[in-house]
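Student: Fold the following, please.
(2 chains)
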Amino acid sequence: MNILNLRTLLTALLLGIASVVWADPPPDYPFVSYDKGLRLAQETGKPIFLYFGRYGCAWCDHTNKQSFSSAELKKIYPEHFVLVYVDAESGKRLKLPSGERITEAELGARFKAFATPLFVYLTPQGQEIFKAPGFKTVQDFKDFDRYVIEGHYKTQTLLEFLAKKP
Amino acid sequence: MKHSAAVLMLLAMPVFAGWQFSPAVEVGAAGDKTVFHHLESANRKGLGESGGRLALAWEDNRAGEPRCWLAVREKGAATFSVPQALSAGECYEPVVQGMGKGRFVAAWEADGAVWARVDGKGQALRLSGAEAAHITLARADERTLYAAWAERAGEYKRIMLARLAFDAGGLKLEYGVPLEAQMPEDDQAYPAVAVSADGGVTVAWEDRRKKHTMILAAHSTDGRKFAAPYRLIDMPQVRTMNLGAGMGSMRPTLARCGPRCLAAAWLDKRDFLSGYDVFAAFSDDGGRSFGRNVRVQDSFGDNMAQWHATVAANENGRMVAAWDDERDGTADVWLSNWNGREFGDDIAAPDASGPGTQSDPLLHVDAAGTLHVAWLERTEGGGTRLKYASATWRE
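Tutor: Residues are numbered from 1 along each chain as shown, chains lettered A, B, ... in the order given. Predicted coordinates:
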């Protein structure tokens, strides 16, 4: 095992032991359920930021503490997006625009939420723009925000957009 | 010419043991692209057999709201009956248990409570005293069955167990008890129940008391007083990175595979990079303990998420696990047969695989060893279809 991997492993171990890791949505953000979020997005014309978390998910907790604690994100994400949180293991029910009633866990299956956290950006009509699995930094979230809000996703892939970043 | 050559090649190939499937039939056709069927239930218990009759329970919105339905295939018939509504209003996650001599008991969630009723007659019996969900059933003998569900006790839900008496007069609640006397520290959900030949009752369920979703089990020799819960899932010897409070595991299923044999299967995220896998464990002491966990799906399914896992077995040890995954591009129903030592290579159920989406399998293995499979087929135009096929094992 090289030094970098060892350091990563130790960090992860410490993180797993030291953290309170039941990964609810981050505090101070107006997260709502998926069905309510779809309605709000249609009403407001805002895109959706869909956060799939899991109870006990360390990287969800890490993201909440390291990234969503940012005052900048706390300002721009609620302004720009309808924020939706889904517990990918939950039996909580929600209603899709088609009229179908499914659980949050089933929604996770349909979005292929194989790992958490998974962040999905959706148009106001609920169409997927892109998915970003795993821990993301404040800068990542700011880049994703620009990619969606400035409409770059309509003409280029996320990788193309990020490659052109100054 | 090509056709003849292909036939000759087939004839020359060695014959392998395997499941021989009947053609699939549609159940409860709604003919409406806005109707969505669901087969989710605690222990994925929507398919049952009794005296050669087969019953399938599901929920769909054909009545404009989610309702539970039951259709029966009579002995020797090829198709199922027209669906009967299990309750008058919104209803979720129905289950059905064969009781012998062609009789069934169904149970479901409605109005924030859980209910049970003898198929085709009798009043529905309310089993829960508070807000409840995730009911499942298991037969003890021709006159007795158990129901388990999750019921609110304070801030969280906990697992309850009830013994029901079943006779010509209908269904009676003998008693209902929590598995643990103390108030729950966090949510408990989706129980699965199995009854061994000595009358012992084993319940497995999702439990969040350790701040992640794990599978616990508890055993009772008399179906009333339970020993302390134990962990059904192995914890990794070396803590795997990024698991936080613990790996996720969910939706346990249990099946009796002999007088003292129980099999459990569930979705498990210990290998978190590829989503949920199907894991299983066995008990040879009627559920007092379970052995080490084994991965069910084969290596071709390792790099993708499995969903909707279930296991079914009969008294003779015929045992099958099923789930859906997208290894061939779209969701298909996959089966793995237990050969006495391990789960064998995965096989795609013929009519539950191929183009389109086939998912959410329910299984039942009857006393003769016939495998019964129901699943959902998602149509391109919208809506779903409910399908069923049976299979016999050919050596």
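
Student: pLDDT below threshold where in the stretch 51-200 of chain B?
Tutor: Flagging of the stretch 51-200 of chain B using pLDDT under 70 yields the residue ranges B:120.

Student: Just the strands from it, written as ranges.
Tutor: B:53-60, B:67-73, B:84-85, B:92-100, B:103-110, B:113-118, B:125-126, B:132-141, B:144-153, B:156-167, B:170-178, B:188-195 (DSSP state E, counting those that start in this stretch).

Student: Dump these into a markdown table; add distance to chain A and mean neighbour count as well.
Tutor: The way it works is simple: take the backbone N, C-alpha and C, and place the C-beta from them, glycine included. A markdown table is the format used below for the strands of the stretch 51-200 of chain B (distance: least, CB to the nearest CB, whole Å; neighbours: other CB atoms under 10 Å in any protein chain shown):
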| stretch | distance to chain A | mean neighbour count |
| --- | --- | --- |
| strand B:53-60 | 8 | 25 |
| strand B:67-73 | 11 | 23 |
| strand B:84-85 | 16 | 14 |
| strand B:92-100 | 7 | 25 |
| strand B:103-110 | 10 | 25 |
| strand B:113-118 | 13 | 23 |
| strand B:125-126 | 20 | 16 |
| strand B:132-141 | 7 | 23 |
| strand B:144-153 | 9 | 24 |
| strand B:156-167 | 10 | 21 |
| strand B:170-178 | 19 | 15 |
| strand B:188-195 | 6 | 27 |
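
Student: ranges for the strands of the stretch 201-350 of chain B?
Tutor: Ranges of strands in the stretch 201-350 of chain B, per DSSP E, counting those that start in this stretch, are B:201-207, B:214-220, B:230-231, B:249-256, B:262-268, B:277-283, B:294-295, B:307-313, B:319-325, B:332-337, B:347-348.

Student: TSV please, covering those and showing distance to chain A, mean pLDDT and mean neighbour count.
Tutor: Shown next, in TSV, are those (distance: least, CB to the nearest CB, whole Å; pLDDT from 0 to 100; neighbours: other CB atoms under 10 Å in any protein chain shown):
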stretch	distance to chain A	mean pLDDT	mean neighbour count
strand B:201-207	8	98	28
strand B:214-220	9	97	24
strand B:230-231	14	96	13
strand B:249-256	5	97	27
strand B:262-268	9	97	27
strand B:277-283	10	97	24
strand B:294-295	16	95	16
strand B:307-313	5	98	27
strand B:319-325	9	97	27
strand B:332-337	14	97	25
strand B:347-348	18	94	16
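
Student: of all of the stretch 251-395 of chain B, which residue lies closest to chain A?
Tutor: Here the residue of the stretch 251-395 of chain B nearest chain A is residue B:275; by CB to the nearest CB that distance is 2.8 Å.

Student: Near that residue, how many other residues are there?
Tutor: Residues near residue B:275, counting by other CB atoms under 10 Å in any protein chain shown, number 23.

Student: Just to check, it is in contact with residue A:114?
Tutor: Yes - contact status for residue B:275 versus residue A:114: in contact at 2.8 Å, counting by CB atoms under 8 Å.

Student: Do I have it right that residue B:255 meets residue B:195?
Tutor: No - counting by CB under 8 Å, residue B:255 does not reach residue B:195; the two are 11.2 Å apart.

Student: need the contact list for the residue of the stretch 251-395 of chain B closest to chain A.
Tutor: If a contact means CB atoms under 8 Å, 6 or more residues apart in numbering or on different chains, then residue B:275 has A:112, A:114-115, B:269, B:304-306 as its contacts.

Student: Now rank the residues you listed by neighbours and give me the top one.
Tutor: residue B:269 (29 neighbours).

Student: What pLDDT is listed against residue 15?
Tutor: Answering for chain A, as no chain was given. With respect to pLDDT, residue A:15 scores 38.

Student: you looked at the wrong chain, it should be chain B
Tutor: Reported pLDDT for residue B:15: 49.

Student: any idea how far the spatially most central residue of chain B is from residue B:128?
Tutor: Geometric centre of chain B, nearest residue: residue B:44, 2.4 Å, by CA atoms, centre = their mean. Counting by CB to CB, to the nearest Å, the gap between residue B:44 and residue B:128 amounts to 21 Å.

Student: Kindly report the same for residue B:347.
Tutor: 40 Å.

Student: sec struct for residue B:20, please.
Tutor: Assigned state for residue B:20: strand (three-state reduction, DSSP: H, G, I helix; E, B strand; the rest coil).

Student: what's near enough to touch it?
Tutor: Contacts for residue B:20 (CB under 8 Å, 6+ apart) come out as B:391-394.

Student: Can you select the buried ones from these in ChimeraX?
Tutor: The buried subset of those, as determined by 16 or more other CB atoms under 10 Å in any protein chain shown, is captured in ChimeraX by this line:
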select /B:391
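
Student: Pull the most distant pair out of the contacts of residue B:20.
Tutor: B:391 and B:394 (9.4 Å; CB to CB).

Student: anything in contact with each of these two?
Tutor: B:19-20.

Student: And the strands in chain A, which stretches?
Tutor: Per DSSP state E, chain A carries strands over the ranges A:48-53, A:82-87, A:93-95, A:101-103, A:118-122, A:128-133.

Student: which secondary structure elements does the second one contact?
Tutor: If I follow you right, that is strand A:82-87. helix A:34-44, strand A:48-53, helix A:104-110 (3 or more CB pairs under 8 Å, 6 or more residues apart in numbering or on different chains; DSSP states H and E).

Student: Tally up the residues packed near the closest residue in space to residue B:98 that isn't next to it in sequence, please.
Tutor: Spatial nearest neighbour of residue B:98, chain neighbours left out: residue B:50 (3.2 Å); criterion: CB to CB, 6 or more residues apart in numbering or on different chains. The tally of other residues near residue B:50 (other CB under 10 Å) stands at 22.

Student: contacting residues for residue B:50?
Tutor: With contact set as CB under 8 Å, 6+ apart, residue B:50 has these partners: B:98-104.

Student: Go again with 10 Å.
Tutor: Applying CB atoms under 10 Å, 6 or more residues apart in numbering or on different chains to residue B:50 gives the contacts B:72, B:75, B:96-105, B:119, B:139, B:366.

Student: got a pLDDT number for it?
Tutor: On pLDDT, residue B:50 comes in at 97.

Student: so it bridges to which residues?
Tutor: Counting by DSSP bridges, residue B:50 forms beta bridges with residue B:53.

Student: All good on my end, thank you.
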